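>>> Structure for this input, please:
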Amino acid sequence: MINLKNSCYILLPARKQLLLLFILGVCSITVFMSGCVRTTKNKEVKTRVPQRKTYAKLRNYRLKLELLTARRRFYAGEDVKITYRLINLGKKSLRLNEWYMNEPDNLRLYYMPYKQQLTSFNPKKWILVDPDYKQPPSRFELVMRPKNSVLIDKQLPFVKAAGEDNPTVKRGRYYLIAELTLNSVDVRSKPVIISIP
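Residues are numbered from 1 along each chain as shown. Next comes the predicted model:
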């Protein structure tokens, strides 16, 4: 015959052992997890490249600059923004160390009244619209893989000037060309004809 009073004493240590094992398991997991936590200091990640005095000319590159905006008719006094695309047509990646962080600073514009068919490009005969460079001029390294492209939005300030009371720009048809402001590459778009009625 089993003595129930004695059996309780036998089971009680087993329960205490299970409870003790459970508490020890929770404590060891907590200690282990706290040992895995690591505090690190935030490292400064450089996104800007210091301004250099000169940038070496690149060789063996194939870049194309083209106007994506389909519209060619703009109204005098209108605030116009157009979009150009720069695409790497080469077979290798291209690094442009002097790329401006402020995208419009990478383009300058040339325009001239439409008179006759163009045969050559002489910058002295064109009206230059240089960017108002954001100060200080911050640059970064732009890496363009083959067939990759970058979009650049650009204002047409002379269209807005045509709508003023004493306009410095007359209404009519104009040739428009864009050119990269970078020294390391020479890239210019094909001329397009726009009109300001």
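>>> so Asp196 bridges to which residues?
Not quite, residue 196 is Ile, not Asp. Listed by DSSP bridges, the beta-bridge partners for Ile196 are Gly172.
>>> And the helices in the chain?
4-36, 157-161 (DSSP state H).
>>> and those, which one's lowest on average pLDDT?
Mean pLDDT across the helices of the chain is lowest at helix 4-36; the value there is a mean of 58.
>>> Any figure for the gap between Asp165 and Ala76?
Between Asp165 and Ala76 the distance is 11 Å, computed by C-beta to C-beta, to the nearest Å. C-beta here means a position set from N, CA and C on the backbone, and glycine is covered the same way.
>>> neighbour-wise, which of these two wins?
Applying other C-beta atoms under 10 Å to Asp165 and Ala76 shows that Ala76 carries more neighbours, namely 16 against 4.
>>> show me the contacts for that one.
Listed by C-beta atoms under 8 Å, 6 or more residues apart in numbering, the contact set of Ala76 reads 159, 162-163, 167, 171, 196-197.
>>> Mind doing that once more with 10 Å?
159-164, 167, 169-171, 196-197 (C-beta atoms under 10 Å, 6 or more residues apart in numbering).
>>> can you check Asp79 too?
Asp79 makes contact with 155-157, 159-160, 163 under the criterion C-beta under 10 Å, 6+ apart.
>>> Distance-wise, check it relative to Gly25.
69 Å.
>>> what's the answer for Glu179, then?
To Gly25, Glu179 is 71 Å away according to C-beta to C-beta.
>>> of those two, who's got more company?
Glu179 (18 against 10).
>>> What part of the chain, helix or strand, is modelled with the least confidence?
The helix or strand of the chain with the lowest confidence, counting by mean pLDDT, DSSP states H and E, is helix 4-36 at a mean of 58.
>>> and the gap between Pro197 and Thr119?
Distance of Pro197 to Thr119, computed by C-beta to C-beta: 27 Å.
>>> out of these two, which sits in the busier spot?
Counted by other C-beta under 10 Å, Pro197 and Thr119 do not tie: Pro197 has more neighbours, with 10 against 6.
>>> What score does the closest residue to that one other than its chain neighbours have for pLDDT?
Using C-beta to C-beta, 6 or more residues apart in numbering and skipping the chain neighbours, the partner closest in space to Pro197 is Arg171 (6.2 Å). pLDDT, Arg171: 93.
>>> ok, Arg171 - contacts?
Applying C-beta under 10 Å, 6+ apart to Arg171 gives the contacts 75-76, 159, 162-163, 195-197.
>>> Swap in 8 Å and give it another go.
Contacts of Arg171 (C-beta under 8 Å, 6+ apart): 76, 162, 196-197.
>>> ditto for Val185
When contacts are counted by C-beta under 8 Å, 6+ apart, Val185 touches 57-58, 61, 63, 96.
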